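**Q** predicted model and sequence follow; I will ask about them next.
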Amino acid sequence: MASYKQTCIHCGTLIDRDVRFCPTCGSQSPFGYLCPSCLRPIAPGQPLCAGCGRPLYVSCPHCGEPTFVGERCDRCGQSLMVRCENKRCGALQFFQNQRCTVCGKKCKAKLGK
Ligand SMILES: [Zn+2]
Ligand SMILES: [Zn+2]
Ligand SMILES: [Zn+2]
Ligand SMILES: [Zn+2]
């Protein structure tokens, strides 16, 4: 069976398309950005998510500068993701998410101070 490879948009590594995360940089969306709330594909430069209407630019909890809702701050490079507290889940969630998009548990974890 032929396996198709595609480049990770974050680090440029060629990875299998059926892999859910990049083994090099650990990104969970190696082939494109997804809305952190509704998981629809989004593109940098888009102001709002077309699916749920959430703003796609937020202030970084680390440096306070506006950043796209990717996995890392555009300015300071710090992670914008927190791990779901449900031990059986452990999915990385955007720091503003109220609920885990995988298991539905309320997210209490906070980034920064
Ligand atoms: Zn990568
Ligand atoms: Zn959305
Ligand atoms: Zn920052
Ligand atoms: Zn979870």
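**A** Structure received. Residues are numbered from 1 along each chain as shown. Ligands and ions are numbered 1, 2, ... in the order given.

**Q** only C-alpha atoms from now on, for both contacts and neighbour counts.
**A** Fine.

**Q** who's in contact with Glu71?
**A** By C-alpha atoms under 8 Å, 6 or more residues apart in numbering, the contact set of Glu71 is 27, 79-81, 94.

**Q** mind checking which helix or strand whatever residue of the chain ends up closest to ligand 4 is in?
**A** Distances between the chain and ligand 4 by C-alpha to the ion are smallest at Cys103, namely 4.1 Å. Using DSSP states H and E, Cys103 maps to neither a helix nor a strand.

**Q** distance of the closest residue to it other than its chain neighbours relative to ligand 1?
**A** Leaving out its chain neighbours, the residue that sits closest to Cys103 by C-alpha to C-alpha, 6 or more residues apart in numbering is Cys89, at 6.6 Å. Distance of Cys89 to ligand 1, given as C-alpha to the ion, to the nearest Å: 22 Å.

**Q** Leu80 now?
**A** For Leu80, the distance to ligand 1 (C-alpha to the ion) stands at 16 Å.

**Q** and that residue, how far from Tyr4?
**A** Between Leu80 and Tyr4 the distance is 30 Å, computed by C-alpha to C-alpha, to the nearest Å.

**Q** out of these two, which sits in the busier spot?
**A** Leu80 (21 against 10; other C-alpha atoms under 10 Å).

**Q** which residues touch the more buried one?
**A** By C-alpha under 8 Å, 6+ apart, the neighbours of Leu80 are 60-61, 69-73, 94-95, 111.

**Q** which parts of the protein sit against ligand 3?
**A** By C-alpha under 5 Å from the ion, the residues of the chain that approach ligand 3 are 60, 62-63, 73, 75-76.

**Q** and those residues, which two are the farthest apart?
**A** Pairwise distances across the residues of the chain next to ligand 3 peak at 9.7 Å for His62 and Arg75 (criterion: C-alpha to C-alpha).

**Q** so what's the residue nearest the centre of the chain closest to, chain neighbours aside?
**A** With distances taken as C-alpha atoms, centre = their mean, the residue of the chain nearest its centroid is Glu71 (4.1 Å). Take Glu71 and drop its neighbours on the chain: the residue closest to it by C-alpha to C-alpha, 6+ apart is Leu80, 5.3 Å away.
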